[in-house]
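J.: Sequence and predicted structure are below.
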Amino acid sequence: MKKAVRMTRYLYLLFFVGGLTQATAQDFRKQYRQAKDLYEEKQYSAAMAAFKPLTVYDQANPFPEYASYYYALSAQQLGYGSVAKDMFLQIKKLYPSWDQMQEVDYWLCKLYFDQGDIFQALSIASRIKAPALRAGLTELKRYYLDKVNDSETLKMVLEDYPEEQEAGRALLKVLGQQPYHLQEKAMMELLINKFNLPREKLVTVETPKPVFKDSYRVALIMPFLAATLDPSPVVKRNQFVLDIYDGVKLAADTLRKQGINLEILAYDNERSADLTRKILLQEELKSVDVMLGPLFPEESKPVLEFAQANHINVLVNPASSTIEFAPHPYSFLFQPGHETLGIRSAEWVAKNVRRKNCLVYYGESVKDSVMAFAFIKKALELGVNVVYAEEVRRETSAGILSTLVSATEHDEWKNPLQFKLKKDSLGSIFVASDNELIYSKVVNGVETRGDSIVVMGQESWLTDTSIDYSKFERTRVNLAAPNYRPVNTAAYADFRKKFIQKHGLLPGEYATLGYEVTMALGQLFRKYGARFLELLPPGELQPGYLGMGYSMLPAHDNGLIPFIRFQNGAITVSIPE
């Protein structure tokens, strides 16, 4: 009897609690419906107050996720962005498997855009895959990215999100609204082609028309040091400048016979920045079509400022690979920049070296570091495994030989059979330096090993008389050689003959360079007129006269780099596609 009474009481209590729970759940539903009605009536402050108690977890409350969601939306509608963001982030933390999480991410994306955090907004956007949200997400990104007027910010966005079409569209629009001479033509073409963007809608600045002339004025601003010159046949301390000038004048004579007239104006700046500024005060310089020079960085700033103010093309130091000479749209380099040398070398290794493990050595200079890091980045992109990279200093240079030729096994005559760095474990070594202390140790180490390593270096190594060219051949050295000019061509024979007739001696390196640069300028004038730098299509090959040619990159340096090596005592050349 007692047992039956206890059972009756238990069942009564169970039914009572069940009824109470059902009643409580009904209360939660009623509160939620009332809060939702307030939201739909756009009474957002009242809706926030009504949703607030429903955001707290309760076993009988089936609505904490939805209440939190609409609480955040109400806050967002009232302009309380931080409150809304905090609530959305709380939802993600407390209810990670909620089936409305894509909508939460959508609104978080908008809130981050509202707060100017473009990169976080796009990071969240990349997680939204729901088809129903894609159209709205595209409109959202377009709306906010169109507000960004800084091209550098948009470029950084594309570095992090290279497939983000709306960032590409926004960047094209920014570039397309700038004066034409400031446009980065290669970048624009890339964006149009990659994202299939409408050029006519986004590029609003008219393409300049070519300006052809009967005669083009070329101003040379160089340290001729005329006051120190004497008629003696001895080599002058600025002989390379005089050689460049001789090459320029000879090229002008050649071009004249082809119907291209150049007026050469020479200004002696005596390697002085102050004197350079005084030269620039001459009114006639405002009408020149191209300035050749200056040759040294300290003199370049006033010339580049003058060129930008007067819309004059500047071919800075024709022998330099320092991109600092070409910091704005009117200046350009005839040589490849150090970064380009590194990139092209990596492309050559990726294509031509079977074994993909690579070592990198570079010197202490900034140019060496730039070249090395550009090589490493591009090599990794192309699947080359850079197993080790080292900045080499004089006191650490002995470590190169230690790495390459430390033997672990010897034959009976004490010749090394195996090394700490195992034979044929490397495919290549890239040396980003013209320091003989560094590259000679690499070449000697590879020769000692006697394996199949390919050494990648620079054409400046050929001026070092301490290494015989036969050693370059034995060790499979390949050199980036932007100034390679075959001497067995009809064009070179004609140039050499004319130079000897005029000067009574063979042309040297700088006379040849002056000639080649001026011949290239003449062909650019013929094809594109005085405003060639604005019209020259990026990447288009301009055939060389003595050399391999010219292909301007977006950085305004030369992207065409031949690679040479010795085979059977002769030079062979290859050019990466």
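T.: Ah, there it is.
J.: Domain ranges for the protein, per the record?
T.: 24-202, 212-336+487-550, 338-481 (automatic domain parsing).
J.: Go through these and name the closest to residue 563.
T.: Closest to residue 563 of those is domain 338-481 (Cβ to Cβ; 5.2 Å). Where C-beta positions appear, they are placed from N, C-alpha and C, glycine not excepted.
J.: Point out where the stretch 1-150 of the chain drops to low pLDDT.
T.: 1-25 (pLDDT under 70).
J.: ok, now with 90
T.: 1-32, 34-36, 47, 50-68, 134-135 (pLDDT under 90).
J.: How about the stretch 401-550 of the chain?
T.: Checking the stretch 401-550 of the chain against pLDDT under 90 turns up 401-425, 448-452, 463-470, 475, 531, 533-541.
J.: mind redoing it with 70?
T.: Using pLDDT under 70, the stretch 401-550 of the chain drops low at 407-408, 410-419.
J.: the strands in it, which residues?
T.: Assigned by DSSP state E, counting those that start in this stretch, the stretch 401-550 of the chain shows strands spanning 407-410, 416-419, 428-432, 454-458, 477-480, 541-542, 550-551.
J.: what would the ones you listed look like in CSV with distance to residue 186?
T.: Converted to CSV, the strands of the stretch 401-550 of the chain look like this (distance: least, Cβ to Cβ, whole Å):
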stretch, distance to residue 186
strand 407-410, 50
strand 416-419, 45
strand 428-432, 25
strand 454-458, 26
strand 477-480, 22
strand 541-542, 14
strand 550-551, 11
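J.: Indicate which one of these is closest to residue 514.
T.: strand 550-551 (15.1 Å).
J.: Okay, now the sheet partners of the closest one, with direction.
T.: Using DSSP bridges, the strands paired with strand 550-551 are strand 541-542 (antiparallel).
J.: Could you list the residues in contact with the partner strand?
T.: Here strand 541-542 makes contact (Cβ atoms under 8 Å, 6 or more residues apart in numbering) with 520, 523, 524, 527, 536, 549, 550, 551, 552, 560.
J.: Which pair of those residues spans the longest distance?
T.: Going by Cβ to Cβ, the pair spanning the contacts of strand 541-542 furthest: 527 and 560, at 16.5 Å.
J.: okay, these two: which has more neighbours?
T.: residue 560 (21 against 14; other Cβ atoms under 10 Å).
J.: Doesn't residue 361 lie inside a strand?
T.: Yes. With DSSP: H, G, I helix; E, B strand; the rest coil as the criterion, residue 361 is part of a strand.
J.: quick one, helices of the stretch 101-250 of the chain?
T.: Applying DSSP state H, counting those that start in this stretch to the stretch 101-250 of the chain gives helices spanning 101-114, 118-125, 131-145, 151-160, 165-176, 185-195, 199-202, 239-257.
J.: Which one of the strands of the stretch 401-550 of the chain lies nearest to residue 210?
T.: strand 541-542 (15.2 Å).
J.: Centre of the chain to that closest one, how far?
T.: In this view, strand 541-542 has its centroid 21 Å away from the chain centroid, taken as Cα atoms, centre = their mean, to the nearest Å.
J.: now swap in stretch 449-458 and tell me
T.: 28 Å.
J.: So which bits of that stretch are buried?
T.: Of the residues in stretch 449-458, 449, 453, 454, 455, 456, 457, 458 count as buried by neighbour count, 16 or more other Cβ atoms under 10 Å.
J.: shouldn't the first one be in contact with residue 405?
T.: Going back to what we said before, that points to residue 449. Yes. Between residue 449 and residue 405 there is a contact under Cβ atoms under 8 Å: 6.4 Å.
J.: Buried deepest among the strands of the stretch 401-550 of the chain, which one?
T.: Sort the strands of the stretch 401-550 of the chain by mean neighbour count, taking mean count of other Cβ atoms under 10 Å, and strand 428-432 sits at the top with a mean of 29.
J.: rewinding a little: out of the strands of the stretch 401-550 of the chain, flag the one nearest residue 118.
T.: strand 550-551 (34.0 Å).
J.: re earlier: and the buried residues of stretch 449-458, which two are the farthest apart?
T.: 449 and 458 (21.5 Å).
J.: which one of the strands of the stretch 401-550 of the chain lies closest to residue 308?
T.: Using Cβ to Cβ, the strands of the stretch 401-550 of the chain put strand 550-551 closest to residue 308, at 22.5 Å.
J.: For the closest residue to residue 261 other than its chain neighbours, the count of nearby residues, please.
T.: In space, and not counting its chain neighbours, residue 261 is closest to residue 215: 4.1 Å by Cβ to Cβ, 6 or more residues apart in numbering. Residues lying near residue 215 (other Cβ under 10 Å) number 11.
J.: Just confirm residue 215 contacts residue 263, I think it does.
T.: Yes. Using Cβ under 8 Å, residue 215 makes contact with residue 263 at a distance of 5.5 Å.
J.: quick revisit: name the stretch among the helices of the stretch 101-250 of the chain that sits most buried.
T.: The most buried one of the helices of the stretch 101-250 of the chain (mean count of other Cβ under 10 Å) is helix 165-176, showing a mean of 23.
J.: How about exporting it as CSV, limited to the C-alpha atoms?
T.: What follows is helix 165-176, C-alpha atoms only, in CSV (Å, rounded to 0.1, in the frame of the first residue of the first chain):
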residue,chain,number,x,y,z
GLN,A,165,37.3,39.3,-58.7
GLU,A,166,35.8,42.2,-56.9
ALA,A,167,39.2,43.3,-55.6
GLY,A,168,40.5,43.1,-59.2
ARG,A,169,37.6,45.1,-60.4
ALA,A,170,38.1,47.8,-57.8
LEU,A,171,41.8,48.0,-58.6
LEU,A,172,41.2,48.3,-62.3
LYS,A,173,38.7,51.1,-61.7
VAL,A,174,41.3,53.0,-59.5
LEU,A,175,44.1,52.6,-62.1
GLY,A,176,41.7,53.4,-64.9
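J.: what is the rounded mean pLDDT of that helix?
T.: Per-region confidence: helix 165-176 scores 91 on mean pLDDT.
J.: quick check, nearest of the contacts of strand 541-542 to residue 58?
T.: For these, the nearest to residue 58 is residue 552 (68.9 Å; Cβ to Cβ).
J.: give the contact list for that closest one.
T.: Applying Cβ under 8 Å, 6+ apart, the residues near residue 552 are 332, 536, 538, 539, 540, 542, 558, 559.
J.: Just the buried residues from these, in PyMOL please.
T.: The buried residues among those can be selected in PyMOL (16+ other Cβ under 10 Å) with this line:
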select buried, resi 332+536+538+542+558+559
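J.: out of the contacts of residue 552, who's nearest residue 95?
T.: residue 538 (51.0 Å).
J.: just wondering, since we're on that closest one, how far is it from residue 382?
T.: Computed as Cβ to Cβ, to the nearest Å, the residue 538 to residue 382 distance reads 21 Å.
J.: picking that back up, save the helices of the stretch 101-250 of the chain as TSV, and put in distance to residue 364 too.
T.: Output for the helices of the stretch 101-250 of the chain, formatted as TSV (distance: least, Cβ to Cβ, whole Å):
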stretch	distance to residue 364
helix 101-114	43
helix 118-125	35
helix 131-145	42
helix 151-160	28
helix 165-176	37
helix 185-195	32
helix 199-202	45
helix 239-257	25
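J.: Between those, which one is closest to residue 367.
T.: Nearest to residue 367, of the helices of the stretch 101-250 of the chain and by Cβ to Cβ, is helix 239-257 at 19.3 Å.
J.: Tell me the helix or strand right after the closest one.
T.: Per DSSP states H and E, the first helix or strand lying C-terminal to helix 239-257 is strand 261-268.
J.: which strands and helices sit next to that next one?
T.: The contact analysis (3 or more Cβ pairs under 8 Å, 6 or more residues apart in numbering; DSSP states H and E) places strand 261-268 against strand 215-222, helix 239-257, helix 509-528.
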